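Engineer: Attaching a predicted model along with its sequence, questions to come.
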Amino acid sequence: MQTRSSLLEGMDKLRRELTLMAVLAEENLGKSIAILKTGDEELAEEVKETGKIIDTMQIRIEDMAMVLIATQQPVAGDLRELVTVFKLTSNLERVDDYGIHLTRTAIKLSSQPAFRSTERIERMAEIGLEMLKAAFAAYLMRDNEAARKAAAMDDGIDAEHKALTDEVLDLIKEKPSLVKSASRLLRLSGYMERLGDHITNICEAIIYMTEGSREELNPVRLNRDT
């Protein structure tokens, strides 16, 4: 009984830490979107510093999960949740990395404006933020249907990415001199597309945790490194 009590106490602490990590990732992504619109360099420094905190939290949370697995003998649903923690922390860290990429590019664009509007990039990031909030809410509620709905939002990011790619490539054909600027914008669009993929990974992990089954929620990603 003492072992079970210790396990539950440890898992509660783990969930609190994981929730804090997710909140910080959400806040950082929100700040990155604001930086894209304003070019605020002070806010960019905040994003970078918070990114370091998130990296540290990933290590600490994963260490906590490993200790619980090794010492508390979890089984069934408890073990699935602890295994899922590694998937969640890894993907949250990657989501934050892409947010930081957005921040860095946004600062560059503030001094060297893009040759076209970044409205589609903003929309991709905003959908990503909405996805992230919905995905983690699904984790807290243990709601696999909510996780599926969150993952479905990725279609919006993919659509914006395709539209922007087509527009930029068409423009390059007309004005080859824009290749360098276009490459930066396409790379950033690719980052936002990958951000959506990592949030989809989170949703898949939630389904594994709640149902014990592995479900592919983004078939387009099957043969691609995410």
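Structural biologist: Sure thing, it's come through.

Engineer: tally of neighbours for residue 148?
Structural biologist: A count of nearby residues for residue 148, using other C-beta atoms under 10 Å, gives 16. (Each C-beta comes from the backbone N, C-alpha and C, glycine too.)

Engineer: Would you confirm that it contacts residue 203?
Structural biologist: Yes: using C-beta atoms under 8 Å, residue 148 is in contact with residue 203, at 6.8 Å.

Engineer: Pull up the overlap in contacts between these two.
Structural biologist: residue 217 (C-beta atoms under 8 Å, 6 or more residues apart in numbering).

Engineer: Just give the closest residue to the residue nearest the centre of the chain, not the sequence neighbours.
Structural biologist: Centroid check for the chain by C-alpha atoms, centre = their mean gives residue 95 as the closest residue, at 2.8 Å. Distances taken as C-beta to C-beta, 6 or more residues apart in numbering place residue 198 nearest to residue 95, at 5.1 Å, with adjacent residues excluded.

Engineer: What is the neighbour count of that neighbour?
Structural biologist: As a burial measure, residue 198 scores 23 neighbours (other C-beta under 10 Å).

Engineer: re the thing from before, and the strand or helix carrying the residue nearest to the centre of the chain, what does it pack onto?
Structural biologist: According to DSSP states H and E, residue 95 maps onto helix 76-111. With contacts taken as 3 or more C-beta pairs under 8 Å, 6 or more residues apart in numbering; DSSP states H and E, helix 76-111 sits against helix 2-38, helix 41-72, helix 119-141, helix 179-211.

Engineer: Out of these, flag the one nearest residue 91.
Structural biologist: helix 179-211 (4.5 Å; C-beta to C-beta).
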